[in-house]
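S.K.: Structure, please.
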Amino acid sequence: MAERERPALPPFPPSGPARVLRRARWIARTSGLVAIAAALTACAGWWFDVPALRRILPGQPPMVVLTALGILLLGASLLLATDAGASGTARRAGRALAAAAVAVGAGGLLRYVSSGQVRLDDWAQRLLFGPLGPGSGMALATAASLLGTATGLLLQEARHRRLRSLGTLATLCGLVVAAVGGLGYAYGLGAFHQDGPFSRMALVTAAALSILSLGALFSRPDRPWVATILGAGEAGALTRHLLPAVVLAPLVLGWLQLHALRAGLIEAETGTALLVIVLTLWLAALAVRVARNVDRRAAAERQLRAALQGMNDALERRVEERSRDLAQAQDALVQSQKMEAIGQLTGGVAHDFNNLLTIIRSSTDFLRRPDLPEERRRRYLDAVSDTVDRAARLTAQLLAFARRQALKPEVFDAGARIRGIAQMLDALTGARIRIVTRVPESPCRVRADASQFETALVNLVVNARDAMGGEGTLTIDLVCGRPLPAIRAHAGSPTPFAAVAVSDCGSGIAREQLGRIFEPFFTTKEVGRGTGLGLSQVIGFAKQSGGDVDVASVLGRGSTFTLYLPMAEAGSAEEEPQPKPEGPAWEHGDQCILVVEDNVEIGRFCTQILHDLGYGTVLTQTAEAALAEIEAVPFRFDAVFSDVVMPGMGGIAFAERLREIHPEMPVVLTSGYSHVLATDAAHGFAFLRKPYSAEQVGEILRAATARKPKVRPAPADAPPLPAPGAGGRAAPAPPP
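M.R.: Alright, predicted model coming up:
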């Protein structure tokens, strides 16, 4: 497998901007060109036998051919490594040249390792000029510096960071060796070159290798210290000021002191003192400048912090003002939406009820005609009865959306209910819609109002039928034990829920309409095709039952409504419906019902219904008066038929009071709406929703009074009851 290539020069190093990259590239390429020029000059001096071209100072050792060859290879490799547009082949060629330079440096070291038996420098010398003279050849320091610089240039593109660090260290070693050799010439230390590793090292060689080592170090501008030295920021400026003080100044001052001593201008002690004084002053001035820079930077930072603090305060004030304006605008928008929703709701209710009242009003007008045939009279009476039923369903749907209807929760198998109404759903959707039900074999028991569950399922199916245009496949899936997900920003629940999913292949729902589909009287259907209350009943029933409804829709591909209902606790058995009592409907004059109704007209109609059913009745308008009637003759009444919303003591409190003093007394509650019933069903009492029919009243009273013993007098220790006819209002009446 081919080795992964590292780029020779990144376009933008992570440690500096593009300006650092350009500066580093310029230094590296200039170093390579200068070294190549020095090597070619030395080779020309040997080829043309011009001694001045082989050395800089007369009488100094010349640069041998092997050294010139190594410097030439290093310079070419450095040029290829710093070429931004170089291809992969060119970069590989640059590494090959660096490897050849490593071989040249290693060949120069063989002379010292093998005690002069291997003379690679002599072989190279013969190529251009002739054999090396006695005491000449590549110096040990030259071979070490060449080898270190070439190794660093070869390893700078290694894959592993440690190898790249090793290459940088090798390049630094090559720079130090070459710089020491050059300083020996600068300080005029002849003994320094007469013996040891630096003997026979030419001045031009030391200069060329020093320049090459610097170029190799700057050839990788992604090194942090390169960006620090060449950067345009404060760190770069400070570094460029410090380097001359700590590097160049001591070298220059030492060189001046040494030459002054040799010329007899000063003594050694005086020169040392002057050197120390000058360096001290230089460093003191540099320290003052650095301190001033730090002080200016601190002042700038303080000003910047003050400006930022001011901007932050201004921004906070603007954000606060903006938030306040947005809150006011949001409140105004919410209020406007509330008014729009109320207007839509009242308009829809008024529209539907006006239609129903029109039918009732027209029917009653016709019924007043004395010459009306019996057949038409029955038809008008049926129309009035059907219209009342439709009005009752309309109010039930509105109460379901508002979560204010009185539910009758029970434990039932949702799968069995779905299978039970499957045939009815087939008749409801038509022959062109295929209904597929997927229900688990094991029971899936939920606790909810069974009739409302079936109504919600019917509403979802009708909605799907209309969305499909009466043709397609409708799927009903039941999954048990699923957690309730987060729906419409409402938190979910990990407790098990039964999920009933109704999926269609219809037109889908537009995204902007998804947030409004559950609003009452909102519908996308044509006029006369729907009231917009079906989905309102579904979500109201789900919320009041402790669940929710989720919607997923893709425009043009259909929708899926998922109804979540809480599952019954483990061990809960399915509740069997109570059988209707058998036998005669009533016995004339045998039973007496206490009617408690604050509305006089409704009370009269109710007592008339009970008289027609054969019951004796006593009508009271308050719960306090009803309690007094019961205690006056406890065994007189067989049941109590009471309204819920009344002035003074309400129907619920009245029924609970009766349960305390006469637990055997049957109580039937009735109401069109009560927030108390909406939160806790009927509190364990039989309940009949208004409007009711005579048949419904007869059935519920017949079931309530079946096998019930006569009422006994209240126990002696029971709390005193209010006086008959007392109209005291111990508690405010619930809102109607």
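S.K.: Please give me every residue in contact with Arg465.
M.R.: 428-430, 433, 474, 504 (Cβ atoms under 8 Å, 6 or more residues apart in numbering). For the C-beta atoms, the positions are set from N, CA and C on the backbone; glycine is no exception.
S.K.: Which of those residues sits closest to Ala141?
M.R.: Nearest to Ala141 among the contacts of Arg465 is Asp504, at 90.0 Å by Cβ to Cβ.
S.K.: doesn't Gly472 make contact with that closest one?
M.R.: Yes. Using Cβ atoms under 8 Å, Asp504 is in contact with Gly472, at 6.6 Å.
S.K.: Compare those two (neighbour count), which wins?
M.R.: Counting neighbours by other Cβ atoms under 10 Å for Asp504 and for Gly472 shows that Asp504 has the greater number, 25 against 17.
S.K.: residues in contact with the more buried one?
M.R.: If you count contacts by Cβ under 8 Å, 6+ apart, Asp504 has them with 464-465, 467-468, 472-475, 558-560.
S.K.: tell me which strands and helices the lengthiest strand in the chain is in contact with?
M.R.: In the chain, with assignment by DSSP state E, the single longest strand is strand 472-484. If you count contacts as 3 or more Cβ pairs under 8 Å, 6 or more residues apart in numbering; DSSP states H and E, strand 472-484 packs onto helix 414-420, strand 433-438, helix 450-467, strand 493-503.
S.K.: With adjacent residues omitted, what lies nearest to Leu688?
M.R.: Thr670 (4.6 Å; Cβ to Cβ, 6 or more residues apart in numbering).
S.K.: likewise Arg95?
M.R.: According to Cβ to Cβ, 6+ apart, the nearest residue to Arg95 is Leu154 (6.2 Å).
S.K.: Now do the host helix or strand of Gly181, average pLDDT.
M.R.: Taking DSSP states H and E as the definition, Gly181 sits inside helix 161-186. Across helix 161-186, pLDDT averages out at 86.
S.K.: And for stretch 482-489?
M.R.: 84.
S.K.: Which neighbouring elements make contact with the longest helix belonging to the chain?
M.R.: If you go by DSSP state H, the chain has its longest helix at helix 268-367. On a contact count with 3+ Cβ pairs under 8 Å, 6+ apart, helix 268-367 meets helix 234-243, helix 249-262, helix 374-401.
S.K.: can you give me the mean pLDDT across that helix?
M.R.: Helix 268-367 carries an average pLDDT of 76.
S.K.: do stretch 34-53 as well
M.R.: 87.
S.K.: before we move on, what about stretch 543-562?
M.R.: Averaged over stretch 543-562, pLDDT sits at 88.
S.K.: Closest to Ile609 out of the contacts of Asp504?
M.R.: Comparing the contacts of Asp504 against Ile609 with Cβ to Cβ places Arg465 closest, at 38.8 Å.
S.K.: So for that closest one, what pLDDT did the model give?
M.R.: Reported pLDDT for Arg465: 86.
S.K.: quick one on the thing from earlier: which one of the contacts of Asp504 sits in the busiest neighbourhood?
M.R.: That'd be Ala464 among these, by other Cβ under 10 Å, with 25 neighbours.
S.K.: Which residues are in contact with it?
M.R.: Counting by Cβ under 8 Å, 6+ apart, Ala464 touches 474, 502-504, 506, 559, 561.
S.K.: Which helix or strand lies directly C-terminal to the helix or strand bottoming out on mean pLDDT in the chain?
M.R.: Between all helices and strands in the chain, the lowest mean by mean pLDDT, DSSP states H and E belongs to helix 675-680, at a mean of 52. Following helix 675-680 in sequence order, the next helix or strand is strand 686-689 (DSSP H and E).
S.K.: Which secondary structure elements does that next one sit against?
M.R.: Using 3+ Cβ pairs under 8 Å, 6+ apart, strand 686-689 sits against strand 667-671, helix 694-705.
S.K.: Buried residues in that strand, which are they?
M.R.: Within strand 686-689, the residues scored as buried using 16 or more other Cβ atoms under 10 Å are 686-689.
S.K.: Quick one: those as a markdown table, columns for pLDDT and distance to Leu183 too.
M.R.: Below are the buried residues of strand 686-689 laid out as a markdown table (pLDDT from 0 to 100; distance: Cβ to Cβ, whole Å):
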| residue | pLDDT | distance to Leu183 |
| --- | --- | --- |
| Ala686 | 82 | 114 |
| Phe687 | 82 | 110 |
| Leu688 | 83 | 115 |
| Arg689 | 79 | 110 |
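S.K.: quick check, nearest of the residues you listed to Arg22?
M.R.: Closest approach to Arg22 among the buried residues of strand 686-689 (Cβ to Cβ): Arg689, at 87.4 Å.
S.K.: Roughly how far does that closest one sit from Val645?
M.R.: Computed with Cβ to Cβ, to the nearest Å, the distance linking Arg689 and Val645 is 13 Å.
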